[in-house]
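Asks: Okay, sequence plus prediction incoming.
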Amino acid sequence: MSGDWKQLLRPGVTLPFCPGCGHRILLRHLLTAIDELGLDIDRMLFVSGIGCGGWIPSPCINADTLHCLHGRAIPFAVGAKTANPSLTTLVVSGDGDLADIGGNHLIHAARRDMDITVICANNMNYGMTGGQVCATTPVGAVTHTTPSGNAYRPFDLCALVRAAGARYAARYLVTQGPQLVSAIKKAIGIKGFSFVEAISPCPTQFGRQNRMDNVKDVYDYVESLVVSREAAAAGTATTRGVTLVTGEFENG
């Protein structure tokens, strides 16, 4: 490999992300991880569902991609991996697609220890379809379907998949580039079900609805929700009442 992640982009592609979208950063980290691993892109398959996260592999990555039904990325990936076990198979999709509409597929793939890597681009709302509430929306956050603020606590996706049997889970902000790249590399190398959650700020929908006037405000807000595993364990972390613990989590 040349060390340049851009060589893995589809020629002539225009990246389909809003200004400030964290998904663009996640795309770079994902391709950097693949480049550093020296993987043969022709022996890889990228599967995504519907939503902003679904635009990360398709049309951006110059590889075989499946852009399939909303919430059904994981069973498509499992089917492809079963038919051709030699493929390095990655699901790259959003939190609404994977945890809401596709939630049962997520936990059962972890339970069955299917040999795929799932990368969740978590922007904490249904960004592409108008900014509705989803399973990862923070308590109190405003969306088009929770104008008075979300009343329900969000899923801890890493805890969810670990409880279901995932061999490996990790969570990092897209601004934590080296850690996120390392986690993706480790997840791809694991035989069995692995999961990486990338917290990806959404200025266009989530930010505007929560009266955040610029991209920096949205990133500052998301960073205020996050604590490291070390700080959480020591009890020294303070957040806005929603805690997203970053780090790696492995089952023995």
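Replies: In hand now; what should we look at?
Asks: Please make it C-alpha for all contacts and neighbour counts, starting now.
Replies: Fine.
Asks: Is residue 59 in a helix, a strand, or coil?
Replies: Three-state call for residue 59 (DSSP: H, G, I helix; E, B strand; the rest coil): coil.
Asks: wait, residue 46
Replies: strand.
Asks: Equivalent analysis for the one 4 residues further on, please.
Replies: Using three-state DSSP, the secondary structure recorded for residue 50 is coil.
Asks: ok, now which ones touch it?
Replies: For residue 50, the contact set (C-alpha atoms under 8 Å, 6 or more residues apart in numbering) comprises 67-71, 93, 97.
Asks: is it possible to export those residues to JSON lines including distance to residue 123 and pLDDT?
Replies: Conversion of the contacts of residue 50 to JSON lines gives the following (distance: C-alpha to C-alpha, whole Å; pLDDT from 0 to 100):
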{"residue": "67", "distance to residue 123": "19", "pLDDT": "95"}
{"residue": "68", "distance to residue 123": "20", "pLDDT": "95"}
{"residue": "69", "distance to residue 123": "19", "pLDDT": "94"}
{"residue": "70", "distance to residue 123": "16", "pLDDT": "94"}
{"residue": "71", "distance to residue 123": "16", "pLDDT": "95"}
{"residue": "93", "distance to residue 123": "11", "pLDDT": "97"}
{"residue": "97", "distance to residue 123": "11", "pLDDT": "97"}
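Asks: Give me the buried subset of those residues.
Replies: 67-68, 70-71, 93, 97 (16 or more other C-alpha atoms under 10 Å).
Asks: Tell me the buried residues in the top helix by length along the chain?
Replies: Longest helix of the chain, by residue count under DSSP state H: helix 22-37. Using 16+ other C-alpha under 10 Å as the test for burial, helix 22-37 gives 22-36.
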